[in-house]
Structure formats: C-alpha cells, structure tokens
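J.: Requesting a structural model of the entry that follows:
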Amino acid sequence: GFPRTLGQAEALDRICELDLVISLNIPFETLKDRLSARWVHPASGRVYNMDFNPPHVQGVDDLTGEPLVQREDDKPEAVAARLRKYKDAAKPVIELYKSRGILHSFSGTETNKIWPYVYTLLSSKIPPVLSDEEN
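T.: Predicted coordinates:
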C-alpha cells in the first residue's frame, strides 16, 4: 500500500487532499504464508503462488518450462522481517488518517470476502460513470 511511511503521507498531502483511505487488516500469518508461497519466472516477471495459482508443473514456468525462483525477500524469514518493519512504519500513517476521520478498515483473509465491502464503500463515494447514451 501507499503511503507506507509518515514522510510519504506528508509528501502526498502536499500534492492532493485525501478524503478516503482504505486499510486492509490481514493476519500476520496469512500474509507471511501467501508471500512465502510466491515464485517468479525472472525473464517474464510471471508470478505464481504455490497455494492458489501454482504452475502446471512444480518449479517451472507454464509457458517456457524454465525454472522458477523465489526472491530472497519472499523467503519466510525475510517476509516476517518485512512485515514487522511495515507494521512499525505504517502505524503512524494509520493513526494520522484515523484522526482525520477518513480511514476505513476492513479485516479478513480472503479477497472475495473483503472486496464486496470495499466495493460498497467506494460505490458510495464515487459517482457512477454514465455512458454517452445515458447522459
């Protein structure tokens, strides 16, 4: 997400005024498991997840048959460190937007269960785009 730090939030304030901020609260273990299951095909950037989007043949890219690699920062120990660092940096950002009354938080572990609530919020804040025929 962005902004991730208070400095980034302050820089964003200088170029626009936010009226809505969404925070997704996903349990630490869920994030760690998902990120740790991520493997990539370096040449193309294709991303696979061994839990919900695995390659047809384990360890190789579906299109080229070339080996997949796990980035160093996606290994479980690195993911845990990244998440701890993010939590510490993001806390003041969350507090800033909460104090402004523009923070909307959603909790869960599955996109298809969180998204309807996010969509409802966004739909209430953003007017629908009408086609030329509807205008």
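J.: drop to CA atoms for contacts and neighbour counts, all remaining ones
T.: Noted.
J.: how distant is stretch 27-40 from the center of its chain?
T.: Chain-centre distance of stretch 27-40: 12 Å, with CA atoms, centre = their mean, to the nearest Å.
J.: My error: substitute stretch 104-124 in the last question.
T.: How far stretch 104-124 lies from its chain's middle: 13 Å, per CA atoms, centre = their mean.
J.: With just CA atoms, put the helix or strand containing A11 into PDB.
T.: When elements are assigned from DSSP states H and E, A11 belongs to helix 6-15. Extracted as PDB, the C-alpha positions of helix 6-15 are listed here (Å, rounded to 0.1, in the frame of the first residue of the first chain):
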ATOM      1  CA  LEU A   6       4.600   9.200   7.600                       C
ATOM      2  CA  GLY A   7       7.100  11.000   5.300                       C
ATOM      3  CA  GLN A   8       5.300   9.600   2.300                       C
ATOM      4  CA  ALA A   9       1.900  10.600   3.800                       C
ATOM      5  CA  GLU A  10       3.200  14.200   4.300                       C
ATOM      6  CA  ALA A  11       4.500  14.400   0.700                       C
ATOM      7  CA  LEU A  12       1.200  13.100  -0.600                       C
ATOM      8  CA  ASP A  13      -0.600  15.900   1.400                       C
ATOM      9  CA  ARG A  14       1.400  18.500  -0.500                       C
ATOM     10  CA  ILE A  15       0.100  17.300  -3.800                       C
END
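J.: and that helix, what other elements does it pack with?
T.: helix 76-99 (3 or more CA pairs under 8 Å, 6 or more residues apart in numbering; DSSP states H and E).
J.: Please identify the pairing partners of the helix or strand that comes right after the helix it packs on and their relative orientation?
T.: The helix or strand immediately downstream of helix 76-99 is strand 103-107, counting by DSSP H and E. Here strand 103-107 has these sheet partners by DSSP bridges: strand 21-25 (parallel).
J.: Run the angle between the very next helix or strand once past the strand it pairs with and helix 76-99 for me.
T.: With elements assigned by DSSP H and E, the helix or strand that comes after strand 21-25 is helix 28-36. Per axes from the mean of the first three to the mean of the last three CA atoms, to 10 degrees, the angle that helix 28-36 makes with helix 76-99 is 120 degrees.
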